[in-house]
Structure formats: structure tokens, C-alpha cells
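Participant: Predicted coordinates and the sequence they were generated for:
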Amino acid sequence: MNKIDKDLLEQISNLHGVPQGSFNIRKNGQALKRKSTSEIEILPKPDKSGIDIIVKPNVKNRSVHIPVIITVGGFNDLVYNDFYIGENAEVSIIAGCGIHNSANETSQHDGIHSFHLEKGCKVKYIEKHLGLGKEGVGKILNPTTNIVMEESSEFEMETYQLGGVTYSNRITKAKIKDNAKLLVTEKILTTNTQTAITHFTANLVGKNASVNIVSRSVAKDNSKQKFISNVIGNNECFGHVECDGIILNNAVIESTPKIVAKDVNASLVHEAAIGKIAGEQITKLMTLGLNKDEAEELIIKGFLK
């Protein structure tokens, strides 16, 4: 791996070398390195691009890394990854994609991840996206996440768009059964003329199923963001959606939270707040020796932390 590879991997997956345990590192459409263990097996798909990640039942306190990097221009990558999480297993999955494009042609990665969670398992899923390289050149990332949660399973998803991504269409769909819990935290930064679109659909089909979606975003310059969520309560359940955004310059953030109750015992809540950075916050930081731009950046980092 060269310096660009290592820098991308460090920023999207906190890797400083070859990780322990199971992992699959993908570069420019090919597996760069791959390793399975007796507890977590990674198998290439025989009929299309992608892998199957199989976590055995009752596995505890294990992690698997599956980052993707693209370092060339004019490259389109489509990958299908399926995760099979065994009963009562507990695992962390660190994914993410980084594009470093210094050419004149757009590069794009579309990742379709499908999670199959068995009864009583717990998954923490972290996905970071980043675009680097030549300014104004296309760096497109379109992640799709499909989640099916069996009884009493738990799925915690942290998803970040760290900057530099010219366009993204982020789709997450979940089917949540009895006593299962889904927690999603999304943090997005757009600048220049970038566009980010987020679609969340959570279908609460089980009794005492729950979902909590929190989206925080910052849009600067002439960038645009759109947040769309749809939480459907089909049983005695709980759903909460919160969307908070900060806009600067001529940016635009649009939020469309939707809740649908199909059971008298469904409890569903949505909240949305979008505004600019308060002048008094900037003034206070400037009294400490920061200039206006530094003060804004500090506030943004704290908001997206």
C-alpha cells in the first residue's frame, strides 16, 4: 500500500496497519487483502462483485473491517455485501469508503449492504465516507443499507460523511421485529456545490420494537442537503426521528420527516431544527483569540463530533 492508500484507510476506518481478526480491504474494485477466522468468515460471492460476512452464533467482542478505497479517476464500482449475524453474537463492523481522485473524470462507489440479524445478536456498524484529491472532480458515494432484525436483536449504526463527496444518495431500510432495537446516528458535512440526500425507512412490525434516528448536518457555501425519513408503526412500538442542521452562506437543507401509525399503541415522534450559527457563539470564541473562520470551524466540529 502507498501513502494515499494508508491515509484513506486511516481516515475512514482508523487503520494504521493490517487489522487483527477478520478483514477485507478493497481497492479499485479488487480485494487488496482478506482474512477470515474461525469465528468470522469472509467469502467472495461467486456470481457478482461482493462478499458474504458470516458471524458464527455466540461470538463475543469481535470486530471485522471491510473498508473500500478508490484511487483512480473514471472508475465505477458496484459491490454487494451480505452480513449474516448468528444468534446471540456481539460484533463491531467497521466499513466506509474513501475516494482520492486527482484525474479529470468522475469516480463512483455504490455499496449495497444487507444485514441479516438473528435472535438476540448485537451489532455496531460504523461507516465513514470521504472524498479527497482534485477540487471540482466528481467523487460519488451511494451507500444502501438493508437491515432485517429478528427478535431481541440490536443494531447501532454510525454513519459519517466527512467531506469532499460531490454527490451522495444514502438509503437505509429496516424491518424491526419483536423487542428489537435500531439506533442510527448520521453526521454529514457538505461544502462548495456538493449534494447529499438521505432516505431512512424504518418498518416497526414487532411488538415493543423501537427505532431512534438522529441526523446532524452542516451545509456550507452553495451545497444542498435533503433528509427524508419514514417511520411506520405496525404494532405496539416506539419510533423517534431527530434532524438538526446548520447552514452557512447560500447552502440549503431540506428535512421531510414522516411518521405513520397503524396501531393504536404505536408511539412515534419526529423533530427537526435547522438554523445558522449564532453570532454570539462566534463572538465569544473570537474573544479567545480565534478569527471568524476558525470560530466557525470549531463550532462545526463540536456539532458533528
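Facilitator: Yep, that arrived. Numbering: from 1, shown residues only.
Participant: contacting residues around Leu32?
Facilitator: Going by Cβ atoms under 8 Å, 6 or more residues apart in numbering, Leu32 touches 1, 5, 25-26. All C-beta atoms are positioned from the backbone trio N, CA, C, and that covers glycine.
Participant: quick one: which of the residues you listed sit in strands?
Facilitator: The members of these that map onto strands under DSSP state E are 25-26.
Participant: Let's see if you can find the most crowded of the contacts of Leu32.
Facilitator: Neighbour counts for the contacts of Leu32 (other Cβ atoms under 10 Å) peak at Arg26, which has 24 neighbours.
Participant: Strands of the stretch 101-250 of the chain, start to end?
Facilitator: 107-117, 122-133, 139-149, 154-161, 167-176, 181-190, 195-204, 209-219, 224-233, 237-247 (DSSP state E, counting those that start in this stretch).
Participant: Remind me what the one helix or strand in the chain whose mean pLDDT sits lowest packs against, helices and strands.
Facilitator: Ranking every helix and strand in the chain by mean pLDDT, DSSP states H and E puts helix 279-286 at the bottom, with a mean of 79. Counting contacts by 3 or more Cβ pairs under 8 Å, 6 or more residues apart in numbering; DSSP states H and E, helix 279-286 is packed against helix 292-304.
Participant: Show me what the helix it packs on is in contact with.
Facilitator: Contacts for helix 292-304 (Cβ under 8 Å, 6+ apart): 187, 189, 216, 218, 244, 246, 248, 277, 281-282, 285-286, 290.
Participant: Just flag the most distant two among these.
Facilitator: Lys187 and Met286 (25.4 Å; Cβ to Cβ).
Participant: Compare those two and say which is more crowded by neighbours.
Facilitator: Taking other Cβ under 10 Å, Lys187 and Met286 do not tie; Lys187 has more neighbours (18 against 13).
Participant: List the contacts of the closest residue in space to Lys60 that isn't next to it in sequence.
Facilitator: Nearest non-adjacent residue to Lys60, counting by Cβ to Cβ, 6 or more residues apart in numbering: Glu90, 5.0 Å away. Contact analysis of Glu90 by Cβ under 8 Å, 6+ apart lists 59-62, 121-123.
Participant: Just the buried ones from those residues?
Facilitator: When the contacts of Glu90 are checked for burial by 16 or more other Cβ atoms under 10 Å, the buried set is 59, 62, 121-123.
Participant: still on that earlier bit, make TSV from the contacts of Glu90 and add distance to Leu298 and pLDDT to it.
Facilitator: Below are the contacts of Glu90 laid out as TSV (distance: Cβ to Cβ, whole Å; pLDDT from 0 to 100):
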residue	distance to Leu298	pLDDT
Val59	41	97
Lys60	39	96
Asn61	35	94
Arg62	37	96
Cys121	39	98
Lys122	35	98
Val123	33	98
